[in-house]
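Q: quick one, fold the following:
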Amino acid sequence: MDYMFSECNNLKSIELPLEGNKDSDCFKLYFADTGLLICQLEDGIQKRVLDDDLKIYKGAVYENIVADAFWKSDKNLYYYRKSSGLEIDFVTKVNDELSIIEAKAKGGRSKSMNEVLNNSDKYDVQHAYKLENSNINVIDKKVVLPQYMVYLLK
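A: Numbering: from 1, shown residues only. This next block holds a predicted model:
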């Protein structure tokens, strides 16, 4: 891969077209390879990753894994953050439908995801996907998948 980082642009609003709603001045960078991310952290972290003892870094590592998978599937990367604290890890099209994706290191609440789904008058989101360390589960528009199934989100 020619790039060391992949750029993930913030969206002005969660609506299509995504490229037309991106804020080019506000973005996150993800390593093009999660192994490179972990190697950039201080000594000893690699063993903590293997021992599943990352605590605060764990969310960033899992988010990077999803970004890496999307980037390698030729998906443009977008996220959504408002000053109110609402933040969606990834916004993309899955099966040609506007979808939001949360990457979780463990299970847990998805407050922002639920807020978007509960406000269909403001957000035209068709599906929400939560990638976490759990089994497959479907509740209305929310699909919970184990993290390794990220490749299915095309």
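
Q: so Asp23 makes contact with Cys8?
A: No - the pair Asp23 / Cys8 is not scored as a contact, 11.3 Å apart, by C-beta atoms under 8 Å. Yep, even glycine has a C-beta here, placed from its N, CA and C like the rest.

Q: who's more crowded, the two?
A: Using other C-beta atoms under 10 Å as the criterion, Asp23 and Cys8 rank with Cys8 on top: 21 against 12.

Q: can you tell me which residues contact the more buried one?
A: Cys8 is in contact with Phe27, Lys28, Leu29, Tyr30, Ala67, Leu77, Tyr78, Tyr79, Phe90, counting by C-beta atoms under 8 Å, 6 or more residues apart in numbering.

Q: go on, Tyr151?
A: Contacts of Tyr151 (C-beta under 8 Å, 6+ apart): Ala69, Ser73.

Q: hang on, it in a helix?
A: Yes - under DSSP: H, G, I helix; E, B strand; the rest coil, Tyr151 falls within a helix.

Q: how many residues are close by Ser13?
A: 13.

Q: out of everything not next to it in sequence, what's closest to it?
A: Of all residues not flanking Ser13 in the chain, Asn21 sits nearest, at 5.4 Å (C-beta to C-beta, 6 or more residues apart in numbering).

Q: repeat for Asn135
A: In space, Asn135 is closest to Pro146, 7.0 Å off (C-beta to C-beta, 6+ apart).

Q: count of residues packed around the one you found?
A: Neighbour tally, Pro146, other C-beta under 10 Å: 12.

Q: so it bridges to which residues?
A: Glu132 (DSSP bridges).

Q: what pLDDT is listed against it?
A: At Pro146, the model reports a pLDDT of 94.
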